[in-house]
Structures are given as C-alpha cells and as structure tokens.
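In: My questions are about this predicted structure, shown below with the sequence.
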Amino acid sequence: MSRLQVVSGKGGTGKTTVAAALALALATEGKRTLLVEVEGRQGIAQHFETEALPYEERKIAVAPGGGEVYALAIDPELALLDYLQMFYKLGSAGRALKKLGAIDFATTIAPGLRDVLLTGKACEAVRRKERSGRFAYDYVVMDAPPTGRITRFLNVNDEVAGLAKIGPIHNQAQAVMRVLKSPETAVHLVTLLEEMPVQETVDGIAELRSARLPVGRIIVNMVRPEVLDETDLELVRTVPRSTVARSLSSAGLGGARRGGHAERLVDPLLTQAEEYAERYTLEHEQRAVLTELGLPLHELPLFAEGMDLAGLYELARELREQGVS
Amino acid sequence: MSRSDPAHTHDPARPHLAPARLLDIDPLLEDPKTRIVVCCGSGGVGKTTTAAALGLRAAERGRKVVVLTIDPARRLAQSMGIDSLDNTPRRVKGIDDSAGGELHAMMLDMKRTFDEIVEAHADGERAAAILGNPFYQSLSAGFAGTQEYMAMEKLGQLRARDEWDLIVVDTPPSRSALDFLDAPKRLGSFLDGRLIRLLTAPAKLGGRAGMKFLNVGMSMMTGTLGKLLGGQLLKDVQTFVSAMDTTFGGFRTRADATYKLLQAPGTAFLVVAAPERDALREAAYFVERLAAEDMPLAGLVLNRVHGSGADRLSAERALAAAENLEEPRIVDQEGGKARLRNSPDAPDSSDSPTSGTPAEAPAAAPEGGSPTEDAEHAEGTEHTADAANTEDPERSVDQLTAGLLRLHADRMQLLSREQRTRDRFTALHPEVAVTEVAALPGDVHDLAGLRDIGDRLAADERELPDPADQPEPPEASA
C-alpha cells in the first residue's frame, strides 16, 4: 500500500472530509498517520472539531484499535524558512530575507515555489525515520488542491528541476519527484455522481496518467440512499392516480375522493418521484462512466444531517470495510 | 426591509424562507447603470452557470452583454460556442434577440492574457526577450494568483473597450474565493517592492551612503538565492524582473484602477452559494470581506434550493404513514397468513441501505414485465400464492406509495435543513437581499437550460405553488 496518499477532487465534493476519514481509516491497529493540509483553509481543524492548527505536527485523533492521527497545516512561508534553516542554517539571514519581502516573493509570486515547498514537506514526512529505523508515519494523507490543479501541483518539481538545472533546489526537486512518481504514492480522486465532477475526474485521470503520476482510487462521496428502485420507478409511470390516492387514504392521510386530502397529495408526490427518477438515471449514467475507468471505485454515503466528528469515524469505518486501508 | 408574512415564517415545513429582503434580479440586469456584475462564491455552487444565465437573461432583455468565464464545464462552453481558447469574446448564437440585445462570451486564457500585456507594453525585441524567458513562461502559465490577476486584467480590458453595456464576470475557483481581490494588490506590491529594486539595481543602491547595511543584506541575499536557485536561474529571474520592471512601470496603477472599477457604482457583486453549511459560511465571509473593501454587494444567489408541492405533509407523518403501509395488513386480510406473506417482500426494496454496491443495480427495467407479474414472481418463489394473487397489484401500489412517502420525508428533512442553514445566514446578515433558485434534477448545458435558470433567478417563491391557496387539511400540524 502506498505510503503517500494524495486526495484530490472537484470543489464541493468533500475531499477534505474524505482525506480526514482516510487518515482515520489508515490509522488502525496502532498505525500512525499524518494528515497534511496544504491550502490553508483549516478544514482539518473544523472536521476534527479542534482549534486552528499551527504549523506543527500534532495529534488530533485516536483511531479505534489504538492508532493515531497527526495533522499538519503547512504554512508556505514557515515551510520556506524551515527549509532554509535545514539546508543552510540561516538564522538571521532568513529574517533579513523576510524583511526584504523575499519570503513573500518566494511563496506567493515565484512560479510554483510554494507548491514545491508543500509537496517537499509532505515527501519529507513520508521519508522521515525515527531513531529505531521505523518510519515516523506509516502513512501520510494529503488534502491536496482540487482536480483541476492537481497534476500541475504534483508535477511542479519537474518544472523546477528544469528551471534550476543545478544546485540544491534542483536536487531537492528531483528527490521529491522520485517519491511522487513511484508506487509509494497514490492519487485518489473524490467525486459526486453528477456530470461536472465526473467529467473533471475523467479529465484529471487522463492528465495524471500522461504526467505518469500514479492514480489510486475513485471515491464517490455523498451517495444518496436508494429510496425507490427500478420496479417502483416503472410503476410510477403507469400507476393510476386513484389507486395511489386510495393507498394514501388507507394509511390515514385523508380522503381519497377527488379533492380529498390524500387525493391532493398524489400529484406532488408523483412529481417528486419523477424528479427522483431523472436523478436516478443520471446517477446511473455517471456511475457507468466511472466504472469504465477501470479503477477501484468506492462509494461513501451522504450524511443527510451534515458531517460531524461521529460521521467522520463512520466514513472511516466504511472505507476500512471497503478495503481501502 | 419589511416584516415578512408571519404565516410563512412560522410554518416549520415551509420550504421557502421569506428573507428580510428579496433580491430582484431583473431591475438589476435591466438598469443601464449596471455595467459590471461579478459572481463570486466557493467552488461547486454553480457560479459559472449563474454567470452565464444572468448574461443570457440580460441579453434577451435587450442589453449588449459579454460574459467572462474562467473555467466553464465543457458542455456549457460548447453550447455557448466558446470551447476554443482564443481569449476574445465570441458572439453566442441562438439567443432571442428580439429585444435588440446581444450575448458574447469568452473563456479566459491566462497565458494569452499575460502575453498580450507584455506585447502591448514592450517593444518587439524586449517583448520577445520576456516571452522567451523561462522564468516568465513558468510564471504566466499559472502560479498561484496568476489566474486571479489575469481575470481582473481582462475585466479591465473589456471595460476599457466599452463595446458592451454589461459585463458579467465569473471568478476563479480560488481556494478561498477571495484571492481575486488580493491578486492585483499582491502582484502590484511585488512589482513595486523593495525586493525587485534590489534585484534590478544593486549597483545604484550600493553607491549610496547610508545604505551600507542594506547592501550587506542584499549581497547576502543574492548569494543565498544564487546558492538556492543556481546561478543560471537567478540570472533568468533578474533578466525577467528587470524586463518586467521597465515594461510594467504602471502595474500598480493598473491594479489600483481595476480595484477602483470594482468599487464603482456601476458594479454589482453577487455572492453565489448553495444552502449548505460550508458554502454559506464561505458566503458570509465573502459578504463581510466585500463590505470591508467597500465593494458594492447586490445580494446573495442561493442555488439549488428544494421545495415541495406537498409541504403540508410533515416528514414525521409521511414516515408514519409509510410504515403503516408496509406493515402486515391485518385489518384487510385474515391474520396469520397475511403476516407471513408480507414479511419478506415489503420493506426490503424500498428501504435499501446506502452502503451497498449500487453499481450492480440492474441497468434496465425488466423487459415487458408488468408490475403485477413482477410482484407475482417475487412472491411465488417462497410462498403459496393461493389467495394472494388478487391482492398483488394492490400490494405493489402500497409498496410504491410507501416509497413515495419515504421520498417525501427525505425531501421535507432536506427542506428544514436548508432552511436552518439559511436562517443562520439571514440572522448574521439581515441586510443582504437573497434570491433563491429552485434545484434542478440534472446539470445545465444548453441555452434552454440557462434560460430556465434565469427564470428561476428572477422568480422567487411567489411563483411556486403556494400551499396557502389550499384549504387547510384538518390533519396538518400547526
């Protein structure tokens, strides 16, 4: 199993939720995972119902069976100073750079340098070992940028290695690419059973593949329960209104006669069923498109009441049962 | 502001909240003083579709409109004829131009936009030098913020051309949805910054008395950068920066001009959201941010709001009735046999759990199988079908009805959830006018679909079937 698990997905598909659940799922049986946030939204802190995360690895959850989840919200500016410190032992010079605006420049303006630092930090966590020789983290899960940007984000080091043809940045960039393009890494895409996210997933996979980045799984999030099945939907088209009215009436919902309360419910209820049928068909089409991609496909249920910490554990259990960890 | 109809606010099942203020889209679109509409909001809330629908609606009401989209879904782009990236507005065919309006649309190509700025501001040789610089090529193709800046730049250009009387802008899918406001300032301040001067004119600085200290910092820095980046890249950066510096002398001025354009009275911001917790949290943040920046907010577009024609029937009653239908019909039939007969088939199909493998669900309805036959089939396998046959159609209808009621219960629960999130937003920001767009079952990818969205944007709950028209059923809860 890949030790760096990158989770991407179109905006609004719940990729942060899935990343958090995956980190929990992978932390079973005493394993230790690190959940990395790179977009500075503090989404992880919200999901785990803790205060905002600092730029430091800290334990945020305990998984069933004694595993641990650590989290890190990467701040590019601090990551750069960190990096300079690590390689050049720059104490005051780092601060001087900051005064001059060089850090600002490097992290917001310089092409991709920000992304270099973010991916670099994650890869460093993947490779880090304790004194005992054991890996510091069994798995690193990254809540990555959305599908539209993921290939460029992960591939940035290639570009940097091309720009800086020699020197430490060049070497560092190549080291990161070696991790990202190896089976040590898997890029998962989160989607919904809707046309646009599915299209973006299909495009994203093609891009990842052409950049020779390892594609992992497709995770369909927020799948709604099936309330009416194929037979019911067939019946919706043919059923006489009066029999539905009688049925409603027998369930205690008023009169089945014309104008009776039960009778007046029939049309709106059938309309809702037609809307459901339309969505049902669309969802089946989208599922077929995803199935065709030939990747492991997982489905996670919608939590109608909204996601909370308990829901996160529920999703983690679901992922484990589906063999994701 | 007005006090809303108490009958509406007090009904817990009522799907459509009557907010403190309703956002009336049409006067906004029709007002010739409205020159720019900016749609912003977090990703996945239908921002691009909203922008396109607003553009179409304004055009069909007689205005000459251009829609600037950033990253439209492919089929939507195709339907508007802008799927080729040539960075210039194209006229959209197939709209109703009887009111004399026109619709143009374009998709932003940030690299092209950047290249065009360079070409417009530098002489041929210098432009070629910049365009060929590897640092520039990487920068223009998309570092964090380029897209935001280029969107604003393009907006400025379109406005300056003055060929359209309304520009509708979709904002980039930024991680925070706010970056586009910062981008011009950020790029502007960088290009005017100390760093760039140090990089471009070290000799000048070093020569001045009293700048010794800075000079030490400076050489330490170029040394560090050189070590980090490698000498060749540093040289590329320096070449790029000096070329940019002379070319974009007025960068900050331009950035400021775009920023002011956004604050001008002819601009209207629309915050787009869906009635979900995260999207509305982001929307609230956006509203506050726009206020802090003195940007004119016209209101909130709430997409994908659900309603129900049967909203007098509460979720609880619908569920109870569904259970009633799914229970053995002791009343109608002779006791024990009916119980036995009904136990296996009734609850299963309508109550399947979420976690199954839906991919395995049958792709097509059973060929020619009438509901009666299906029911018989299912039943015949396990039970003596003696007295049951005549009852089957009735049973399937009950089963279907139970399904319809469960579906309705889900819908009502969704409605009250949506209402709660909306109420929270309205409580925080009662000053924000809201328009709601009823949810569609599928995606929109043609002009008819956009027109439909436009109608929904302009309508509010007043056009939905109003349950108040119907006599109050005795069973309905107060």
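Out: That came in fine, so what should we check first?
In: helices or strands next to the helix or strand B:A151 falls within in the packing?
Out: Here B:A151, judged by DSSP states H and E, is contained in helix B:146-161. Contacts defined by 3 or more C-beta pairs under 8 Å, 6 or more residues apart in numbering or on different chains; DSSP states H and E place helix B:146-161 against strand B:64-69, helix B:110-121, strand B:166-170, helix B:179-191, helix B:251-263. Bear in mind the C-beta positions are built from the backbone N, C-alpha and C, glycine included.
In: by contact count, what packs against the shortest one?
Out: Spelled out, it's strand B:166-170. strand B:36-40, helix B:47-60, strand B:64-69, helix B:146-161.
In: For A:R58, give its distance to A:A52.
Out: 11 Å (C-beta to C-beta, to the nearest Å).
In: What are the boundaries of the strands in the chain?
Out: Here I'm looking at chain A. A:4-9, A:32-37, A:58-62, A:68-73, A:139-143, A:185-191, A:215-223, A:297-301 (DSSP state E).
In: right idea, wrong chain: chain B
Out: Going by DSSP E, chain B shows strands at B:36-40, B:64-69, B:90-91, B:102-107, B:166-170, B:267-273, B:297-305, B:434-438.
In: just for the chain, where's the confidence low?
Out: In the absence of a named chain, chain A is used. A:84, A:86-113 (pLDDT under 70).
In: Can you look at chain B instead?
Out: Ranges of chain B meeting pLDDT under 70: B:1-20, B:84-85, B:138-139, B:141-146, B:173-180, B:183-234, B:237, B:241-252, B:328-395, B:460-478.
In: returning to that earlier point: for the strands of chain A, could you give me TSV that also reports mean neighbour count and distance to B:E276?
Out: What follows is the strands of chain A, written out as TSV (neighbours: other C-beta atoms under 10 Å in any protein chain shown; distance: least, C-beta to C-beta, whole Å):
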stretch	mean neighbour count	distance to B:E276
strand A:4-9	28	16
strand A:32-37	26	21
strand A:58-62	15	24
strand A:68-73	23	23
strand A:139-143	29	19
strand A:185-191	26	16
strand A:215-223	22	10
strand A:297-301	20	16
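In: A:A25 contacts A:E321, correct?
Out: No - counting by C-beta atoms under 8 Å, A:A25 stays clear of A:E321, with 9.3 Å between them.
In: Ignoring the adjacent residues along the chain, who's closest to A:L300?
Out: Closest residue to A:L300 apart from its sequence neighbours, by C-beta to C-beta, 6 or more residues apart in numbering or on different chains: A:N221 at 5.1 Å.
In: From A:L192, how far out is the one you found?
Out: Taking C-beta to C-beta, one finds A:N221 at 6 Å from A:L192.
In: Do a quick rundown of the helices in the stretch 101-250 of chain A.
Out: Ranges of helices within the stretch 101-250 of chain A are A:102-104, A:113-127, A:147-163, A:168-180, A:195-210, A:230-238, A:241-250, based on DSSP state H, counting those that start in this stretch.
In: can you redo these as JSON lines with mean neighbour count and distance to A:K31?
Out: Formatted as JSON lines, the helices of the stretch 101-250 of chain A follow (neighbours: other C-beta under 10 Å; distance: least, C-beta to C-beta, whole Å):
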{"stretch": "helix A:102-104", "mean neighbour count": "21", "distance to A:K31": "36"}
{"stretch": "helix A:113-127", "mean neighbour count": "24", "distance to A:K31": "14"}
{"stretch": "helix A:147-163", "mean neighbour count": "22", "distance to A:K31": "24"}
{"stretch": "helix A:168-180", "mean neighbour count": "19", "distance to A:K31": "19"}
{"stretch": "helix A:195-210", "mean neighbour count": "20", "distance to A:K31": "26"}
{"stretch": "helix A:230-238", "mean neighbour count": "19", "distance to A:K31": "41"}
{"stretch": "helix A:241-250", "mean neighbour count": "21", "distance to A:K31": "53"}
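In: So for B:A273, which of the ones you listed sits nearest?
Out: Closest of these to B:A273 is helix A:195-210, at 17.0 Å (criterion: C-beta to C-beta).
In: what's that closest one packed up against?
Out: strand A:4-9, helix A:147-163, strand A:185-191, strand A:215-223, helix A:261-292, helix B:74-80.
In: what sits against the residue in chain A sticking out farthest from the centre?
Out: Here chain A reaches farthest from its C-alpha mean at A:R257, the gap being 51.9 Å by C-alpha atoms, centre = their mean. Contact analysis of A:R257 by C-beta atoms under 8 Å, 6 or more residues apart in numbering or on different chains lists A:E263.
In: re earlier: take the helices and strands packed on helix B:146-161 and write them to a markdown table, including mean neighbour count and distance to B:E436.
Out: Converted to a markdown table, the helices and strands packed on helix B:146-161 look like this (neighbours: other C-beta under 10 Å; distance: least, C-beta to C-beta, whole Å):
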| stretch | mean neighbour count | distance to B:E436 |
| --- | --- | --- |
| strand B:64-69 | 25 | 22 |
| helix B:110-121 | 18 | 33 |
| strand B:166-170 | 27 | 20 |
| helix B:179-191 | 21 | 25 |
| helix B:251-263 | 17 | 26 |
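In: can you tell which of those is closest to B:E153?
Out: helix B:110-121 (5.9 Å).
In: now check that closest one, is it near chain A?
Out: No - Helix B:110-121 stays clear of chain A (C-beta under 8 Å from any C-beta of the partner chain), getting no nearer than 12.0 Å.
In: any idea how far the nearest residue to A:D75 once chain neighbours are set aside lies from chain B?
Out: Leaving aside its sequence neighbours, A:D75 sits nearest to A:Y55 (C-beta to C-beta, 6+ apart; 4.3 Å). Using C-beta to the nearest C-beta, to the nearest Å, A:Y55 is found at 17 Å from chain B.
In: from what I can see A:Y55 touches A:I74, true?
Out: Yes - with contact defined as C-beta under 8 Å, A:Y55 reaches A:I74; the gap is 6.7 Å.
In: These two: who's more crowded?
Out: A:I74 (24 against 15; other C-beta atoms under 10 Å in any protein chain shown).
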